[in-house]
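Student: Give me a model of this one.
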Amino acid sequence: MIVSSSLEEVYQWTRQQRESGRSVGLVPTMGALHNGHLSLVGYSNERCQRTATTIFVNPTQFGPSEDLDRYPRTLDQDLAMLKSAGVDLVFTPQPEAIYPRGFSTFVLPPEVAQPLEGRARPDHFRGVTTIVLKLFQILPATHAFFGEKDYQQLAVIEAMVRDLNVPVEVVPCPIIREPDGLAMSSRNRYLSPEERHRSLGIRRALTAAEQQLCEGQVDVEQLQMTMRSTLLDAKIDAIEYAVVVDAVNLQPLAVVDRPAVALIAVRVGTTRLIDNQRLHVPASHK
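Tutor: Model prediction:
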C-alpha cells in the first residue's frame, strides 16, 4: 500500500492506472475510520481494479463553533485498517497543500444543498463541494464511493458531478449500523454510555415513521410528529430537524405520494448525530 502526501505523486499514480486500462475507485474520508468506511472500500474493491482512499480533515466544511480541533485523528490506526482492507493508495495531504496561501476559489453548491444541513450549517456544503471536486482532480478516478448515511451530502455530490460534467461515476453505498441499530459514525466515540443509550432513539424514530407509512399513514405532518415524539421519549430534546421530504430534491411534502426520505439531525450531549431512512409509497396508495 502506497501512502503519500504528494499531490503530484497520487495524480501520476492514478493516471498510470487509468492509462493501463484499470478502473480506479476513490473513497474520500476524514479518517477516524470504522466499519462504515471499510464497507466503502469493500464496494470499491469489488467494483474496481484499484482502490485509493483519502484521509483529510477538511477545514472548510466546519463552522466556527464546530468540532474541527476536536475531530478525532487516528492516522496510524486508520492506515493499518486500510492496509488490511486491501487499499492500494492512501492520500494524506497537509492542509497547506490543499489550500495554499492565497487560495480563494470555492465551488457554489447546487440547490439541493440549501435546505436542512444547508440551513443548520452555513457554508458547510461549499466546503464539501470544493474539497470533493479538488480530490476528483487530484485523483481522477473512474468511480467514487460515498455512504448514504450522509444523505444530503451524497445528493449534493451527485448534483455537482452531473451539473459540472465531472467524468466520475458516483456510487451510493448503504448505511452500516452497529448491532444495536445506531448508524456508524466517527463522532459516536464522543458519546458517554448514557448518551449512547439515548441515541438509539434516532433509529427507533425512523423505524416508527416507516412502520406508520407501511400501515397506510401518508400524511407527512403525522409522520414527522411520530418521529419527534419518539425522539422526545428517548430524552433527545435537542432536535434540529426530523422531517420527511422528497427523496430527490429534499423539498417538503404534504403526503408521501412519491419516493421520500426521513431525515433526522439531533444533538445528544455535545455530539451532533444524523441518520435517515428511505421511504416508499405504500402499495395501497400507488
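
Student: got any ranges where the protein has weak pLDDT?
Tutor: Scanning the chain for pLDDT under 70 picks out 285-286.

Student: So which residues of this protein form strands?
Tutor: Under the criterion DSSP state E, the chain contains strands at 2-4, 24-29, 50-55, 89-91, 143-147, 169-173, 238-246, 260-268, 271-279.

Student: Packing partners of the second one?
Tutor: For strand 24-29, the contact count by 3 or more CB pairs under 8 Å, 6 or more residues apart in numbering; DSSP states H and E identifies helix 7-19, helix 35-47, strand 50-55, helix 124-138, strand 143-147 as packing neighbours. Backbone N, C-alpha and C define where each C-beta goes, glycine included.

Student: follow-up on the earlier one: okay, the strands of the chain in TSV with distance to residue 191 and mean neighbour count next?
Tutor: Shown next, in TSV, are the strands of the chain (distance: least, CB to CB, whole Å; neighbours: other CB atoms under 10 Å):
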stretch	distance to residue 191	mean neighbour count
strand 2-4	30	14
strand 24-29	20	26
strand 50-55	23	26
strand 89-91	28	23
strand 143-147	19	22
strand 169-173	24	17
strand 238-246	13	19
strand 260-268	6	23
strand 271-279	6	20
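
Student: Which one of the ones you listed lies nearest to residue 66?
Tutor: Proximity to residue 66 (CB to CB) singles out strand 271-279 among the strands of the chain, at 8.2 Å.

Student: picking up where we left off before, of all the strands of the chain, which lies closest to residue 39?
Tutor: Between those, strand 169-173 lies closest to residue 39; by CB to CB that is 6.3 Å.

Student: List the strands paired with the closest one, with their directions.
Tutor: strand 143-147 (parallel) (DSSP bridges).

Student: Need the contact partners of the strand it pairs with.
Tutor: 23-28, 36-37, 39-41, 43-44, 47-48, 136, 153-154, 157, 168-176 (CB atoms under 8 Å, 6 or more residues apart in numbering).

Student: Please apply the same query to stretch 192-205.
Tutor: For stretch 192-205, contacts defined as CB under 8 Å, 6+ apart pick out 177, 180-183, 188, 191, 226-228, 230-231, 233-236, 242, 264, 266, 268-269, 271, 273, 275.

Student: Swap in 7 Å and give it another go.
Tutor: Applying CB atoms under 7 Å, 6 or more residues apart in numbering, the contact partners of stretch 192-205 are 180-182, 191, 227, 230-231, 233-236, 242, 264, 266, 268-269, 271, 273, 275.

Student: Looking at the protein, which helix is longest?
Tutor: helix 193-214 (DSSP state H).

Student: Turn the strands of the chain into CSV, columns for distance to residue 162.
Tutor: Formatted as CSV, the strands of the chain follow (distance: least, CB to CB, whole Å):
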stretch, distance to residue 162
strand 2-4, 30
strand 24-29, 17
strand 50-55, 22
strand 89-91, 25
strand 143-147, 13
strand 169-173, 9
strand 238-246, 17
strand 260-268, 19
strand 271-279, 20
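
Student: which one of those lies closest to residue 115?
Tutor: Nearest of these (CB to CB): strand 238-246, 7.4 Å.

Student: Tabulate the CA atom coordinates of the closest one in CSV.
Tutor: Output of strand 238-246 as CSV, limited to C-alpha atoms (Å, rounded to 0.1, in the frame of the first residue of the first chain):
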residue,chain,number,x,y,z
ALA,A,238,-32.1,19.0,21.0
ILE,A,239,-33.8,18.2,17.7
GLU,A,240,-32.5,20.2,14.8
TYR,A,241,-34.9,18.6,12.3
ALA,A,242,-36.9,15.4,11.9
VAL,A,243,-38.6,15.6,8.5
VAL,A,244,-40.0,13.6,5.6
VAL,A,245,-39.1,15.2,2.3
ASP,A,246,-38.8,14.4,-1.4
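
Student: Please enumerate residues in contact with it?
Tutor: Residues outside strand 238-246 that contact it (CB under 7 Å, 6+ apart) are 116, 120, 205, 209, 220, 223-224, 227-228, 231, 251-253, 256, 258, 260-267, 279.

Student: Next one: residue 66 from residue 264, what distance?
Tutor: The spacing between residue 66 and residue 264, counted by CB to CB, to the nearest Å, is 18 Å.

Student: swap in residue 162?
Tutor: Distance from residue 162 to residue 264, by CB to CB: 27 Å.

Student: ok, residue 280 - contacts?
Tutor: Counting by CB under 7 Å, 6+ apart, residue 280 touches residue 259.

Student: shift numbering so it begins at 845
Tutor: All right, first residue 845 from here; so that's residue 1124.
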